[in-house]
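Visitor: with the input below, show me the fold.
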Amino acid sequence: MMLLNCLIVDDEPIARAILVRYCQQLSYLKVVAEAGNALEAKALLQKGEPVDLIFLDINMPVLDGLSFLKTLRQPPEVIFTTAYREYALDAFDLAATDYLLKPISLERFIVAVDKVLAKRQQVSVQDGAEAGGENYLFIKSDGKIFRILFDEILYAEASGNYTRIAMVSQTLLPSMAFSAFEELLPVTQFIRVHRSFIVNKSKIQHIEGNRVFVGEKEIPIGLNYKEEFLKKLGMR
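Guide: Residues are numbered from 1 along each chain as shown. Below you'll find the predicted structure:
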């Protein structure tokens, strides 16, 4: 089991204490530092503090958690811990692994950490696959582990804490953040066309206006993604 060095960022001492206690229940978590605000956390990271996972509050003075995360060029894994539901979509757009609502139960905490472990293990598998020139990855869904050929994937769609993977012969719905799944795909073959969609370039049938057609699926092209999408197709 890999060890995760954790940084807890929250302006409430009681909230930090709860997270420290939860981390102590899991032998593979080590709290290396605590910070009462985002600027303290940034200073710790700039000193080279080894951090694999940040438990990050959102509503903090001076600099909120979302804004803080945007300032990090190469952020560690992030699990947001907050009392506010309304920021969940923004959090996942920033590649957060999970979003925990206070009060946080130990059970929900463990589920979130397991997602981080699964993500890091899958990235390790993918790194090995790329080194060996493999054309597939392994995904856990519904209690099974599936071997998926990249060429069988039509598109992927964000679905809350899950990612819907539409393939030629089946559809899987693993418990994996959309951004985490995107990192497993070869960038030469797959293109992000929308905040919620990635398409297999080789499966595109045609493009019409702000829509791309893949198999029987009509997928919107986000305005913020269109220019880069067309560029990767050699149309710019």
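Visitor: every contact and neighbour count from this point should use C-alpha atoms.
Guide: OK.
Visitor: which is the succeeding secondary structure element to the helix or strand of the chain with the lowest mean pLDDT?
Guide: Every helix and strand in the chain was compared by mean pLDDT, DSSP states H and E; the lowest is helix 106-132, with a mean of 71. Downstream of helix 106-132, the next assigned helix or strand under DSSP states H and E is strand 136-141.
Visitor: name the residues of stretch 17-27 that are buried.
Guide: For stretch 17-27, burial by neighbour count (16 or more other C-alpha atoms under 10 Å) applies to 19-20, 22-23.
Visitor: now stretch 138-157
Guide: Within stretch 138-157, the residues scored as buried using 16+ other C-alpha under 10 Å are 139-140, 150, 153-157.
Visitor: ok, stretch 88-106 next?
Guide: Buried-residue list, stretch 88-106, by 16+ other C-alpha under 10 Å: 88, 91-92, 95-101, 104.
Visitor: any chance you could list what contacts that stretch?
Guide: 22, 66, 69-70, 77-85, 108-109, 112, 115-116, 161, 176-180, 195 (C-alpha atoms under 8 Å, 6 or more residues apart in numbering).
Visitor: make TSV from the buried residues of stretch 138-157 and add pLDDT to it.
Guide: Rendered in TSV, the data for these read as follows (pLDDT from 0 to 100):
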residue	pLDDT
Ile139	89
Lys140	89
Phe150	92
Ile153	96
Leu154	96
Tyr155	97
Ala156	96
Glu157	96
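Visitor: taking those one by one, which sit in strands?
Guide: 139-140, 153-157 (DSSP state E).
Visitor: now tabulate these in JSON lines and tack on distance to Ile165.
Guide: Below are these laid out as JSON lines (distance: C-alpha to C-alpha, whole Å):
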{"residue": "Ile139", "distance to Ile165": "10"}
{"residue": "Lys140", "distance to Ile165": "12"}
{"residue": "Ile153", "distance to Ile165": "7"}
{"residue": "Leu154", "distance to Ile165": "8"}
{"residue": "Tyr155", "distance to Ile165": "6"}
{"residue": "Ala156", "distance to Ile165": "5"}
{"residue": "Glu157", "distance to Ile165": "7"}
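Visitor: what helices or strands is the helix or strand encompassing Phe213 leaning on?
Guide: Here Phe213 sits within strand 211-214, counting by DSSP H and E. Contact partners of strand 211-214 among helices and strands, from 3 or more C-alpha pairs under 8 Å, 6 or more residues apart in numbering; DSSP states H and E: strand 204-208, strand 217-220.
Visitor: go through the ones you listed and name the closest to Val32.
Guide: strand 217-220 (43.0 Å; C-alpha to C-alpha).
Visitor: neighbouring strands - and their directions - for the closest one?
Guide: Strand pairing for strand 217-220, using DSSP bridges, gives strand 211-214 (antiparallel).
Visitor: centre of the chain to the partner strand, how far?
Guide: 24 Å (C-alpha atoms, centre = their mean, to the nearest Å).
Visitor: give me the contact list for that strand.
Guide: With contacts defined as C-alpha under 8 Å, 6+ apart, strand 211-214 is touched by 154-155, 199, 203-207, 218-221.
Visitor: out of these, which are buried?
Guide: For the contacts of strand 211-214, buried by 16+ other C-alpha under 10 Å: 154-155, 199, 203, 219-221.
Visitor: any quick ChimeraX command for the buried ones out of the contacts of stretch 88-106?
Guide: Remark: buried members of the contacts of stretch 88-106, expressed as a ChimeraX selection using 16+ other C-alpha under 10 Å:
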select :22,66,69,77,78,79,80,81,82,109,112,115,116,161,176,177,178,179,180,195
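Visitor: out of the contacts of stretch 88-106, which are inside helices?
Guide: Among the contacts of stretch 88-106, the members found in helices (DSSP state H) are 22, 66, 69-70, 108-109, 112, 115-116, 178-180.
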